[in-house]
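In: next comes the sequence, and after it the predicted model I'd like to discuss.
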Amino acid sequence: METNDQEVMVSVSCLTYNHEQYIAQAIEGFLMQKTKFKFEVLVGEDCSTDGTREIVEFYQKNYPEIIKMVTSEKNVGLKDNFNRIVKQAKGKYMAMCEGDDFWTDPYKLQKQIDFLEHNPDYIICCHYSKIIDQDGETLYVHPSPVSLEFGYEDILQGNKDETFTATLIYRTSLDVTHMGNQDWYLKCHAPDKFLKLYATAVTGKKIYVMPEVMSCYRKHVGGVWSMVDPQVIRGRMLSDFNVIIKNFKYPTSLKWKLLKVYSKNYLRHDIRHLQLNNAISTIKYLLLY
């Protein structure tokens, strides 16, 4: 990494809470990056009850020119933790990696920034990930990665393969960073999904997925999503779906596709939990508004 007085090209957002077992591996993945530009790492330490903060403080003390801990006296939650990092970030681009995941390629940042610098029609660049368990054992990795592209309507319909948070880098334009000011933002459960949706919606640009495996996504008991009860996850996804259809614009022709998405993925959940009024409300909204 360049260490002169040049401006920061990339800000890395690392959200962490009770990641004592994993946070050092995440930070080491940042420090190993070999770049021709300057980058900073902002670690949002959300008042962990284990030894996470002490580990972050160790790295901040030893790498003060790169690592900065962002914290407070009380837990603020996932969305506000991310918002305060966005407000402090100096980079032209924002890279993301939560404290229980990690990067595996020392040229990851350079490759993605090279792509975005030369391809202005893309707002986000991602890549493939290896999925591992809490012991580091491989659960899944795509055998033959190919390049992928997604636009706004793709994301709207839930098509976003190989865009895990740890793979994501986006342009920090004012349009995109204003997402945290939207009324619906505090209602969403998956801010990374809404970031992809909002960024493609407000800019008209696309997401590109590089055909390389350059990070690991870890499934473990303390994960925000990975080990949560499937019915709870389905309920959160349904809540996010309703936020999306009521706050994002889409053509009439796409309403039928969204109705199909609801029928396939969420209608059974509403019926099973006797939430018939919710089902009627969602279907009615898609058909009449």
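Out: Sure thing, it's come through.

In: mind listing what Ala89 touches?
Out: 11, 13, 40, 42, 172 (CB atoms under 8 Å, 6 or more residues apart in numbering). In this view, the C-beta of every residue, glycine as well, is placed from N, C-alpha and C.

In: for Asp192, same thing?
Out: Counting by CB under 8 Å, 6+ apart, Asp192 makes contact with 96, 165, 168.

In: for Tyr217, see how far away it is.
Out: Distance, Asp192 to Tyr217, using CB to CB, to the nearest Å: 12 Å.

In: now the helix or strand hosting Tyr128: mean pLDDT?
Out: Secondary structure from DSSP states H and E places Tyr128 in strand 122-132. Strand 122-132 carries an average pLDDT of 98.

In: which parts of it are buried?
Out: 122-130, 132 (16 or more other CB atoms under 10 Å).

In: just stretch 230-247 next, same as before
Out: Of the residues in stretch 230-247, those buried (16+ other CB under 10 Å) are 234-235, 237-245, 247.

In: out of these, which one sits closest to Lys61?
Out: Among the buried residues of stretch 230-247, Asp240 lies closest to Lys61 (CB to CB), at 38.8 Å.

In: quick one: contacts for that closest one?
Out: Per CB under 8 Å, 6+ apart, neighbours of Asp240: 188-190, 193-194.

In: contacts for the helix or strand bottoming out on mean pLDDT in the chain next, please.
Out: Confidence across the helices and strands of the chain bottoms out at helix 267-272, with a mean of 80, counting by mean pLDDT, DSSP states H and E. Applying CB under 8 Å, 6+ apart, the set of residues contacting helix 267-272 from outside is 231, 234-235, 238, 275-276, 278-279, 282.

In: beyond it, next helix or strand please.
Out: Scanning forward in sequence from helix 267-272 by DSSP H and E, the next helix or strand is helix 276-288.

In: just checking, what packs against that next one?
Out: The contact analysis (3 or more CB pairs under 8 Å, 6 or more residues apart in numbering; DSSP states H and E) places helix 276-288 against helix 230-247, helix 252-265, helix 267-272.

In: partner strands of the longest strand along the chain, with direction?
Out: In terms of residue count, the longest strand belonging to the chain (DSSP state E) is strand 206-218. Paired strands of strand 206-218, with direction, are strand 102-103 (antiparallel), strand 122-132 (parallel), strand 148-150 (antiparallel) (DSSP bridges).

In: dump those strands to TSV, plus distance to Val213.
Out: Output for the strands paired with strand 206-218, formatted as TSV (distance: least, CB to CB, whole Å):
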stretch	distance to Val213
strand 102-103	11
strand 122-132	4
strand 148-150	13
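
In: which of those strands sits closest to Leu259?
Out: Going by CB to CB, the one of the strands paired with strand 206-218 nearest Leu259 is strand 148-150, 20.7 Å.

In: now do the next helix or strand along the chain from that closest one: everything it contacts.
Out: Using DSSP H and E, the next helix or strand after strand 148-150 towards the C-terminus is helix 152-156. When contacts are defined by CB under 8 Å, 6+ apart, helix 152-156 is touched by residues 160, 193, 196-197, 200-201, 204, 207, 244, 248, 250, 254, 258.

In: now helix 152-156 - C-alpha only, CSV.
Out: The C-alpha coordinates for helix 152-156 follow below in CSV (Å, rounded to 0.1, in the frame of the first residue of the first chain):
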residue,chain,number,x,y,z
TYR,A,152,-31.6,-3.0,-10.8
GLU,A,153,-34.5,-5.3,-12.0
ASP,A,154,-32.4,-8.4,-11.3
ILE,A,155,-31.7,-7.3,-7.7
LEU,A,156,-35.4,-6.4,-7.3
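
In: quick check, distance from that helix to the centre of its chain.
Out: 16 Å (CA atoms, centre = their mean, to the nearest Å).

In: could I get the average pLDDT for it?
Out: 96.
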